[in-house]
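> how does the following fold in three dimensions:
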Amino acid sequence: MEKLKMRYDYKHSYSSEFGRTFSCEKEEDYLKSYSLIDNNGKFVFGLWIEFHHSSNGWQKYRIRYYDMYDKYFEESDSSKRSETFKEFYTSKKEALEVATKIYMLNKAA
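Residues are numbered from 1 along each chain as shown. Model (predicted):
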């Protein structure tokens, strides 16, 4: 089975949206976006992971996706798929493993 890798893309600070100056030295509300790369170093289209960090302590990894992956997530009609996934995960490892499964299911379809 292929194992996808995460490649850092960018960081977005929500603090700047509320008129606060962005500073990495203090707690910020932000997200970090990561592209997914396959074994050949190619960019995986339409599937990526975001790390959401809140200054109130909330931290989650979110799998983001284009419509072509809708059928693999909980909101879709579960009677049509044998396996569905959630969007939010507490660890990077778990989010990456699930994203890899979704990628492989879509590739095999």
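> what's around K42, how many residues?
Neighbour count for K42, taken as other CB atoms under 10 Å: 9. The way it works is simple: take the backbone N, C-alpha and C, and place the C-beta from them, glycine included.
> low-confidence stretches in this structure?
Filtered on pLDDT under 70, the chain yields the residue ranges 1, 15-27, 75-83.
> report the contact partners of F51.
L31, K32, Y34, Q59, K60, Y61, R62, K92 (CB atoms under 8 Å, 6 or more residues apart in numbering).
> one more pass at 6 Å, please.
Residues in contact with F51, defined by CB atoms under 6 Å, 6 or more residues apart in numbering, are K32, Y61.
> any idea how far S54 is from G46?
With distances taken as CB to CB, to the nearest Å, G46 is found 26 Å from S54.
> kindly apply the preceding question to V98 instead.
22 Å.
> quick one, which of these two is more surrounded?
V98 (18 against 14).
> report how many residues lie close to the residue lying closest to that one once chain neighbours are set aside.
Closest residue to V98 apart from its sequence neighbours, by CB to CB, 6 or more residues apart in numbering: F85 at 5.2 Å. Using other CB under 10 Å, F85 has 19 neighbouring residues.
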